[in-house]
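# here is my input; please provide its structure:
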Amino acid sequence: MKDFLITLLPGGKQQRFVEDTLLADALFDMGVNLKTPCGGKGTCAKCRVKVQGRLSEPTAMEIRLGTLGDGHRLACQARLQGDVSVELDAEGSTANRVYPEMDRSSAYAIGVDIGTTTVKISLVDLRLGQSYMLESFLNPQRRYGHDVINRIAVSDDQTTYNALVGMIREKIFGSILQALEAMHIAPERVENITFSGNTTMLYFVFALDVAPLGLYPYHAGTVDFDTFSARDLGFEQFSRAKISALPAVSAFLGGDLMGGLAFCYEQGLNKNTFFIDMGTNGELYLINSSGEIYATSCAMGPALEGMNISWGMTADNGAITHIWSEQEIFEYHMINNGTPVGITGTALIDIIAELLDRNVILATGAFLRDHDTMLLPEPARFDNRGAVKQITLWNDIALTQKDIRSVQLAKGASLAASRFLLMEAGCAPEDIEQVIIAGAFGEHMDLENFKRLSFLAPFPNAQYHFLGNTSLKSAEKVCMDSSFLVMASELRDRVKEVELSMNPAFNDEFINSMNF
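Okay, the predicted model is just below:
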């Protein structure tokens with residue numbers, strides 16, 4: 001295959017890539033930090049760059065959004081057809097972000113939450129016992145699939161596997177080094193780097209064989225990660241740092257769940273407690289009245305994180321985060337000012353709940369067939385773009401039938417898993433006193449709309465708590481107190497895994513849980 005040269009201006013850095021390489025992927029491999037909150041669908045236009053040279057023809061999305069002109073293209077839409085030079089817009093680059101002012105003589109640690117969709121990194125000041133968010137970015141492995149199953153499958157090819165390992169390591173450690181340099185903190189000041197994440201993500205960062213995780217009996221040969229050094233991971237700049245990770249239970253129950261369990265247990269939430277970490281992989285545990293711990297996982301997909309949704313995006317400038325109706329007008333909250341460019345998972349839940357209450361969406365998830373006579377709050381309107389049914393909201397932002405189905409898949413998996421967990425633990429929904437919803441999604445969610453969509457079995461006597469990113473918080477805890485890791489390991493050994501993948505009854509329950 002032909003390969004072509006990319007030159008970054010004004011610095012002049014150059015690298016060659018094969019023909020038809022996506023420009024966004026090439027720029028990432030060259031160390032360019034592009035914002036891609038829409039996941040590469042082109043809807044947010046945050047990756048707009050100025051390019052000279054030969055690229056593929058503009059896509060329909062680029063033309064529709066009017067992002068062309070004066071040599072500009074969307075990096076997530078353009079592919080290499082010849083040599084090019086690239087100049088980044090300030091909007092697209094995160095190189096100028098502001099970091100907190102820190103005491104460069106203090107001792108530090110790093111917490112890393114490796115999610116299937118999003119990676120978050122925090123800095124811990126060990127002297128003060130305080131943490132600071134450093135980075136949050138989309139997992140670069142998503143170019144090989146939005147879920148772990150796809151990434152495991154393509155890892156059969158050794159070159160692809162090496163690329164998956166290399167890109168997650170380079171992005172994490174590159175981001176850490178960039179942040180430390182901006183804060184004038186020497187890497188030698190970092191005493192500990194702790195990872196948390198699902199088992200597959202941990203296996204990639206530690207370069208372990210992921211193949212057994214995707215094949216029956218889904219065996220995870222390594223569930224503790226206390227024998228690795230920074231040198232093993234290829235980053236000798238952190239040779240003084242102790243490398244650790246939250247322990248996993250199995251192929252489908254990772255360190256992120258065990259971190260959440262230990263974090264909640266430490267706060268006294270140790271009986272009649274139900275926990276769910278809502279992400280691309282839903283992970284759940286239940287502690288019954290006897291203190292027994294049951295846990296399971298389910299594939300929810302990335303819809304609630306903005307991926308696989310027509311106009312979905314992560315929480316970034318221009319993202320609508322909440323939607324409600326007032327006097328027959330749809331209102332919204334948006335991050336910062338300007339024109340909305342997409343919707344987050346929380347807004348997606350809001351709009352579906354609102355349309356269900358108005359009978360515009362039926363319990364089956366389908367749009368009402370005779371939709372021409374329906375009155376929707378302004379500015380919403382029904383239209384058909386090609387063969388796709390959709391409700392257009394603001395500008396081109398729309399909710400499609402496919403988007404609703406994606407949410408149904410997530411909520412069907414979550415509801416069915418919660419029912420099986422209750423059954424295995426010998427609990428009735430009425431027994432549950434505390435419901436913990438973890439993850440950034442849950443932290444900003446409208447609880448009543450969430451209940452309206454039936455993501456979980458009803459818990460009539462429970463108090464609901466939103467604890468944010470317990471995976472990252474638990475990694476920070478390990479940085480500050482090594483005994484927290486010991487507690488997480490001891491709790492891990494008490495967990496009774498409820499396996500759903502091989503249970504023939506689960507598929508029936510999943511189908512029965514799809515309706516709203």
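# hey, let's count contacts and neighbours off CA atoms from now on
OK.
# do I have it right that residue 317 meets residue 336?
Yes. Using C-alpha atoms under 8 Å, residue 317 is in contact with residue 336, at 5.7 Å.
# between these two, point out the one with more neighbours.
Taking other C-alpha atoms under 10 Å, residue 317 and residue 336 do not tie; residue 317 has more neighbours (18 against 12).
# show me the domain layout of the protein.
3-88, 108-245, 256-301+406-512, 303-400 (automatic domain parsing).
# pLDDT-wise, which helix or strand of the protein ranks last?
Among the helical and strand segments of the chain, the one scoring lowest on mean pLDDT, DSSP states H and E is helix 440-443, with a mean of 74.
# what is that one packed up against?
On a contact count with 3 or more C-alpha pairs under 8 Å, 6 or more residues apart in numbering; DSSP states H and E, helix 440-443 meets strand 463-468.
# where does the nearest residue to residue 455 once chain neighbours are set aside fall, secondary structure wise?
Closest residue to residue 455 apart from its sequence neighbours, by C-alpha to C-alpha, 6 or more residues apart in numbering: residue 411 at 4.6 Å. Using DSSP states H and E, residue 411 maps to helix 401-425.
# could you do residue 105 as well?
Residue 105 belongs to no helix or strand when assigned by DSSP H and E.
# from residue 189, how far off is it?
Distance from residue 105 to residue 189, counting by C-alpha to C-alpha, to the nearest Å: 8 Å.
# what's the answer for residue 275, then?
On the measure of C-alpha to C-alpha, residue 275 and residue 189 end up 36 Å apart.
# of the two, who's got more company?
For residue 275 versus residue 189, neighbours defined as other C-alpha under 10 Å are more numerous around residue 275 (24 against 17).
# low pLDDT regions in this structure?
The model of the chain has pLDDT under 70 over residues 89-96, 371-374, 386-387.
# what helix or strand is residue 346 located in?
Per DSSP H and E, residue 346 falls inside helix 345-357.
# outside of that helix, which residues touch it?
Applying C-alpha atoms under 8 Å, 6 or more residues apart in numbering, the set of residues contacting helix 345-357 from outside is 303-306, 312-314, 320-325, 361-363, 404, 441, 444-446, 449-450, 452-453.
# number of nearby residues for the residue nearest to residue 455?
25.
# list the residues that contact it.
Contacts for residue 411 were tallied using C-alpha under 8 Å, 6+ apart; they are 300, 453, 454, 455, 456, 513, 514.
# check residue 430 too.
With contact taken as C-alpha under 8 Å, 6+ apart, residue 430 is in contact with 459, 460, 461, 462.
# can you confirm it is in a helix?
Yes. Judged by DSSP: H, G, I helix; E, B strand; the rest coil, residue 430 forms part of a helix.
# all helices for the stretch 1-150 of the chain, in order.
For the stretch 1-150 of the chain, helices defined by DSSP state H, counting those that start in this stretch occupy the ranges 23-29, 60-65, 148-154.
# elements contacting the shortest one?
In terms of contact count using 3+ C-alpha pairs under 8 Å, 6+ apart, helix 60-65 is assigned no packing partners among helices or strands.
# for that helix, buried residues please.
residue 62 (16 or more other C-alpha atoms under 10 Å).
# over to stretch 427-444?
For stretch 427-444, the neighbour count (16+ other C-alpha under 10 Å) marks 427, 429, 431-443 as buried.
# how about those residues, which pair is most distant?
Farthest apart among the buried residues of stretch 427-444 by C-alpha to C-alpha are 427 and 440. That separation is 27.8 Å.
# tell me what the very next helix or strand once past the least confident helix or strand of the chain is packed against?
Downstream of helix 440-443, the next assigned helix or strand under DSSP H and E is helix 447-452. Where contact means 3+ C-alpha pairs under 8 Å, 6+ apart, helix 447-452 is packed against helix 345-357.
# quick check: residue 422 touching residue 287?
No. Contact criterion C-alpha under 8 Å: residue 422 and residue 287 do not qualify, at 9.7 Å.
# higher neighbour count, those two?
Taking neighbours as other C-alpha under 10 Å, residue 422 and residue 287 compare with residue 287 leading, 26 against 21.
# which residue packs closest to that one, ignoring adjacent ones?
Residue 287 sits nearest to residue 293 (C-alpha to C-alpha, 6+ apart), 4.6 Å away.
# okay, now that neighbour: neighbour count?
Residues near residue 293, counting by other C-alpha under 10 Å: 24.
# residues contacting it?
For residue 293, the contacting residues are 285, 286, 287, 425, 494, 495, 496, by C-alpha under 8 Å, 6+ apart.
# likewise residue 72?
Counted by C-alpha under 8 Å, 6+ apart, residue 72 has contacts 48, 49, 50, 51.
# pull the number of nearby residues for the second one.
Just to be clear, that refers to residue 49. Residue 49: 24 surrounding residues under other C-alpha under 10 Å.
# give me the distance between it and residue 437.
For residue 49 relative to residue 437 (C-alpha to C-alpha), the value is 38 Å.
# surely residue 245 meets residue 229?
No. At 11.5 Å, residue 245 and residue 229 do not qualify as touching, with contact defined as C-alpha under 8 Å.
# between those two, which has more neighbouring residues?
For residue 245 versus residue 229, the count of surrounding residues by other C-alpha under 10 Å is larger for residue 245: 26 against 20.
# looking at the sheet around that one, what are its partners?
Counting by DSSP bridges, residue 245 is bridged to residue 195.
# look up how far residue 277 lies from it.
Distance of residue 245 to residue 277, computed by C-alpha to C-alpha: 18 Å.
# residue 112 too?
Distance, residue 112 to residue 277, by C-alpha to C-alpha: 16 Å.
# go on, residue 26?
According to C-alpha to C-alpha, residue 26 and residue 277 sit 33 Å apart.
# looking at these two, which is more packed in?
A direct count of neighbours by other C-alpha under 10 Å for residue 26 and residue 277 places residue 277 higher, at 26 against 19.
# right, and the more buried one touches residue 443 too?
No. Using C-alpha under 8 Å, residue 277 is not in contact with residue 443; the gap is 10.9 Å.
# intersection of neighbour lists for those two?
The contact sets of residue 277 and residue 443 overlap at residue 437 (C-alpha under 8 Å, 6+ apart).
# burial of the nearest residue in space to residue 59 that is not next to it in sequence, as a residue count?
Distances taken as C-alpha to C-alpha, 6+ apart put residue 77 closest to residue 59, at 6.6 Å, once the chain neighbours are dropped. Residues near residue 77, counting by other C-alpha under 10 Å, number 23.
# many thanks, have a good one.
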